[in-house]
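mind looking at a prediction? Sequence and model below.
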Protein chains: 2
Amino acid sequence: MNEFDFIDHLRAQTEARGYPSELLCGIGDDAAVIKQLTGHDAVVSADLLVEDIDFRRDATQPRLLGHKALAVSLSDIAAMGARPRWALVSLGIPPDTWASDFVAELYEGILSLAYGYEVRLIGGDLSRAPKQIVIDSIVMGECARGNAVFRSGAKPGDHLFVTGSLGGSAAGLRLIERGARVGIHELEDPDVRSIQELLMRHLRPAPRVGWGLVLGEQRLASAMIDISDGLSSDLHHLCRESKVGAIIESGKLPIDSRVAALCGRRALDPLILALHGGEDFELLFAVSPENVPRLPGKVDGVGLTEIGEIRPQSEGIRVSEGSRLWDLKPLGWKHF
Amino acid sequence: MNEFDFIDHLRAQTEARGYPSELLCGIGDDAAVIKQLTGHDAVVSADLLVEDIDFRRDATQPRLLGHKALAVSLSDIAAMGARPRWALVSLGIPPDTWASDFVAELYEGILSLAYGYEVRLIGGDLSRAPKQIVIDSIVMGECARGNAVFRSGAKPGDHLFVTGSLGGSAAGLRLIERGARVGIHELEDPDVRSIQELLMRHLRPAPRVGWGLVLGEQRLASAMIDISDGLSSDLHHLCRESKVGAIIESGKLPIDSRVAALCGRRALDPLILALHGGEDFELLFAVSPENVPRLPGKVDGVGLTEIGEIRPQSEGIRVSEGSRLWDLKPLGWKHF
């Protein structure tokens, strides 16, 4: 199949699901064209995944990789409190991989996640690549005018929350680095099941789209970011943009229970994974005291934990651990 | 400089030029947010350039590469008859290249072209890459509601036009493959000057943004595509979407005069380069007979040539060359 046949195939696959009335032109032209909705703001984000840096081909599967490539961008849109609507995927692919089922399965992973959120694939690009796969996933979303939640709106006194649990993705990555792989195992063994679940936390992250929508539409969050680099680094980003400090209580952090159970035997510190491990793709957000009672307990089955408070910038960004109080350094993921 | 410092630097550089009122949030958050303009349609395109496939580092310069990465996406927006407004750039970069001036110069190439068209860089991503540079350039544009020009609107009897000249970029690429490089040469020598100009046609293409705007805003074109794969392939794309055929007259093709002059001595056929050579980034478009008199002769100093006519689909896609009439095969660029 050449690239044009493949694009036709993708186009037919997306068009088989109907044609949304605002989409004037999707796959198959020089660019996609979208009718803009009056009273809305457009939100757009791009995320690049590069083989051997952001993922290892031997440690994942093409469907999981497609899922993750889109999930990371959906997470960015969720962190703006917006609804994801449209996706573009640019793919660089080595010729031997092109000749396999890899690309079709990769797009199955992308499309199946997209369908789950009524997101439509409307474009992108395909290029040959010499050795490593690269995937750039671009997601466009929308929110009611003025409802986008920026990193910059947190105020001292705001409560600090995080969705779901922390450290699971980093633990999954450590397990992969030590040789663990996704597979059919004796899942009755609770230890084996935990390992498989942690691998999936890393390889198949769930973007918190539902939470993002609730927080944005109901104007509950004063500032928000998704945890991609790691809680410590992402809290630093949020505080810097908001010109505030923060204090978090280590005892309140919702550390993934499987991480706690597995770490002891593997010389890993669950708190370090929760603070600095990246790619949990949970939402970290600030809520003013008057809005705290309005927060739902769960959205799409995912809970919420209050982990600390926004403080004046002069107080810095600190962790309280029992009677100790220490500065939180941004020790999450850095590419350079 | 780490990636966060670099992003700060880029952000400061873009913000130094003021903050457009529709841009609610640019670089520095999870996603960019744009206030949608009532009565407009949004247009978006992505183009991926991969080192050793789409460019060779030893044959270009970082500023030229940045220029080209953005130019190819601007060309897509022009081919929709839309105005480019916003750009996102995702960059995968090997560590040794990161440590050099390469990235700063690459962005200078991007930003200087962007400024020329009042396009704003609003986001993207930065990732380490193992060996090859990858650049995904995403451009968003806008047009008045219903004014986008698709590939699909051509009708039998429409006249077929192309902006500028053809074959120059492909000739530049052939010269690069034979060892020619951009540099300071004795430009008084007309042959040397021609070679340098052809190299620049390939390495620093000029997107036909002005032409795209005129054709879109004045509703002059019934169908349009930019010539990226090559005239033959792109004409096939346009005809297929419009469900029409076409005939082009080889004698009318605006072959780059420098190509004609240089080809003889280098065993290259100018007609082959003009028909199948890609990356001229000229606009190919159809115009109904009643609109032909309304076409301007030049836009931004770039002329126009009528090269043929749209015919019924049953007649196929053919070239008339003197008394001969032959089928035009789509022999332009293919990645796979």
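Perfect, I can see it now. Please read these numbers as outputs of a predicted model, since none were measured by experiment.

for the nearest residue to residue A:214 once chain neighbours are set aside, list each beta-bridge partner.
Counting by C-beta to C-beta, 6 or more residues apart in numbering or on different chains, residue A:214 lies nearest to residue A:299, which is 5.3 Å off, once chain neighbours are set aside. Placement of C-beta: from N, CA and C, glycine included. Beta bridges link residue A:299 to residue A:302 when assigned by DSSP bridges.

contacts only, for residue A:299.
For residue A:299, the contacting residues are A:163, A:208, A:210-211, A:214, by C-beta atoms under 8 Å, 6 or more residues apart in numbering or on different chains.

and if you look at residue A:194?
Counted by C-beta under 8 Å, 6+ apart, residue A:194 has contacts A:258, A:261-262.

likewise for residue A:37?
Contacts of residue A:37 (C-beta under 8 Å, 6+ apart): A:22, A:142, B:36.

what ranges does the stretch 1-150 of chain A have for its helices?
Ranges of helices in the stretch 1-150 of chain A, per DSSP state H, counting those that start in this stretch, are A:3-15, A:62-78, A:95-98, A:102-116.

worst mean pLDDT among those?
Mean pLDDT is lowest for helix A:3-15 among these, at a mean of 89.

quick one: it near chain B?
Yes: Helix A:3-15 lies within reach of chain B by C-beta under 8 Å from any C-beta of the partner chain, at A:3-4, A:6.

okay, domains of chain A per the record?
A:3-144, A:151-327 (automatic domain parsing).

please identify the deepest-packed of those domains.
Neighbour counts (mean count of other C-beta atoms under 10 Å in any protein chain shown) averaged over each of the domains of chain A peak at domain A:3-144, with a mean of 21.

what about that one, how long is it end to end?
End-to-end span of domain A:3-144 (C-alpha to C-alpha, to the nearest Å): 38 Å.

and for stretch A:252-259?
In stretch A:252-259, first residue to last residue: 15 Å (C-alpha to C-alpha).

need the residues that contact that stretch.
Counting by C-beta under 8 Å, 6+ apart, A:162, A:164-168, A:171, A:194, A:197-198, A:201, A:231, A:268, A:270-271, A:273-275, A:303, A:305-308 sit against stretch A:252-259.

ok now that stretch, how far from the chain's centre?
Here stretch A:252-259 is found 18 Å from its chain centre; the criterion is C-alpha atoms, centre = their mean, to the nearest Å.

then stretch A:230-249?
The answer for stretch A:230-249 is 18 Å, by C-alpha atoms, centre = their mean.

repeat that for stretch A:286-293.
The answer for stretch A:286-293 is 24 Å, by C-alpha atoms, centre = their mean.

again with stretch A:60-76
9 Å.

tell me what the closest residue to residue A:122 other than its chain neighbours is bridged to.
Among residues not flanking residue A:122 along the chain, residue A:32 sits closest, at 3.9 Å (C-beta to C-beta, 6+ apart). Residue A:32 has these beta-bridge partners by DSSP bridges: residue B:44.

with residue A:320 instead?
The partner residues for residue A:320, given DSSP bridges, come to residue A:249, residue A:325.

what is the nearest of the residues of helix A:3-15 next to chain B to chain B?
residue A:3 (4.8 Å; C-beta to the nearest C-beta).

on that earlier part again, wait, which of the helices of the stretch 1-150 of chain A is closest to residue B:333?
When these are compared by C-beta to C-beta, helix A:3-15 sits nearest residue B:333, at 10.0 Å.

quick check: angle from the closest one to helix A:102-116?
20 degrees (axes from the mean of the first three to the mean of the last three C-alpha atoms, to 10 degrees).

and the contacts of helix A:3-15?
Taking C-beta under 8 Å, 6+ apart as the rule, helix A:3-15 contacts A:1, A:26-28, A:103, A:107, A:111, A:120-122, A:126, B:334-336.

including distance to residue A:292, could the residues you listed go into TSV?
Below are those laid out as TSV (distance: C-beta to C-beta, whole Å):
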residue	distance to residue A:292
A:1	54
A:26	42
A:27	44
A:28	48
A:103	47
A:107	42
A:111	38
A:120	36
A:121	38
A:122	38
A:126	47
B:334	58
B:335	53
B:336	54
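
filter the residues you listed down to just the ones in strands.
A:120-122, A:126 (DSSP state E).

for these, which one is nearest residue B:241?
Using C-beta to C-beta, these come closest to residue B:241 at residue A:122, 15.7 Å.

check contacts around the closest one.
A:14, A:23, A:26-27, A:32, A:34, A:86-88, B:44.

for residue A:277, same thing?
A:166-167, A:169-171, A:173, A:230, A:332.

from residue A:250, how far off is it?
According to C-beta to C-beta, to the nearest Å, residue A:277 stands 14 Å off from residue A:250.

same deal with residue A:67?
Where residue A:250 is concerned, residue A:67 sits at a distance of 32 Å (C-beta to C-beta).

now swap in residue A:4 and tell me
In terms of C-beta to C-beta, residue A:4 sits 55 Å off from residue A:250.

helix or strand for residue A:219, which one?
For residue A:219, there is no enclosing helix or strand under DSSP states H and E.

touching, it and residue A:144? I think so.
No: checked against C-beta atoms under 8 Å, the pair residue A:219 and residue A:144 is beyond contact range at 9.5 Å.

which residues in the stretch 151-300 of chain A form helices?
A:168-177, A:190-203, A:209-217, A:231-242, A:257-263, A:270-276.

low pLDDT regions in the stretch 51-200 of chain A?
A:184-187 (pLDDT under 70).

could you export the helices of the stretch 151-300 of chain A as JSON lines, including distance to residue A:282?
Shown next, in JSON lines, are the helices of the stretch 151-300 of chain A (distance: least, C-beta to C-beta, whole Å):
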{"stretch": "helix A:168-177", "distance to residue A:282": "9"}
{"stretch": "helix A:190-203", "distance to residue A:282": "11"}
{"stretch": "helix A:209-217", "distance to residue A:282": "9"}
{"stretch": "helix A:231-242", "distance to residue A:282": "8"}
{"stretch": "helix A:257-263", "distance to residue A:282": "13"}
{"stretch": "helix A:270-276", "distance to residue A:282": "10"}
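
these: which one's closest to residue B:240?
Per C-beta to C-beta, nearest to residue B:240 of these: helix A:209-217, 36.3 Å.

same for that closest one, what does it pack against?
Under the contact criterion of 3 or more C-beta pairs under 8 Å, 6 or more residues apart in numbering or on different chains; DSSP states H and E, helix A:209-217 touches helix A:62-78, strand A:83-93, strand A:134-144, strand A:283-287.

appreciated, that's everything.
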